[in-house]
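Engineer: everything below, folded, please.
(one chain, ligands or ions: 1)
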Amino acid sequence: MERLKAASRNATIRQLAVEFLKNNDIYAPLDVVGIAHLFGAHIYFGNLPLSVDGFTLSLKDGDFLIGINSFQPETRRRFTICHEYSHIALSHNKIADPVIEEIDREADVFAAELLMPSGLIRHLVEKFQFTAAALSYYFRVSKPAIEIKLKELNLDAERNIKVAV
Ligand SMILES: [Zn+2]
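Structural biologist: Numbering: from 1, shown residues only. Got it, this is the predicted structure:
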């Protein structure tokens, strides 16, 4: 029952991400920093402790300051920026007593859909035989991130080896 609830919540969150991309005419690969204004966000890259990927602060004027650890590799920084956008888009900042793990999972679902739109991935794998490596290169995401996504979509990109990167 709990799992079912989480599954339908995830589907709703993915749908929100799909609509966000469509309404703003955004295409892959995502220009993560270029869409900051759509979330009222300002991004600051800094030398944060290694244990911190990123964070979001609400500013007095209603905008947000997103801090990103510049030590992290590019693919991770891209995911973290989208993760922080997700907290803004899903109004997590307005939750008075947040259940951190749960809202972080939700933020990951939204972020993954922004960076790796399910419909497009399915199309690239089924129609153009993209491999996981090719998808990772195309979407500028890490290989583990694309592998999780493929698993969620029940796609086996490794059987298709027509595209090699
Ligand atoms: Zn988070």
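Engineer: just to be sure, residue 55 is in a helix?
Structural biologist: No. According to DSSP: H, G, I helix; E, B strand; the rest coil, the state of residue 55 is strand, so it is not within a helix.
Engineer: tell me which element the nearest residue to it once chain neighbours are set aside falls in.
Structural biologist: Using C-beta to C-beta, 6 or more residues apart in numbering and skipping the chain neighbours, the partner closest in space to residue 55 is residue 67 (5.0 Å). Just so you know, the C-beta spots here come from the backbone N, C-alpha and C atoms, and that holds for glycine as well. Residue 67 belongs to strand 64-69 when elements are defined using DSSP states H and E.
Engineer: got the residues of this protein near the ion?
Structural biologist: Proximity of the chain to the ion, by C-beta under 5 Å from the ion, involves residues 104, 107.
Engineer: how does the chain divide into domains?
Structural biologist: As assigned by automatic domain parsing, the chain contains the domains 2-115, 117-165.
Engineer: which of those domains has the lowest average pLDDT?
Structural biologist: Confidence, taken as mean pLDDT, is least for domain 117-165 of the domains of the chain (a mean of 86).
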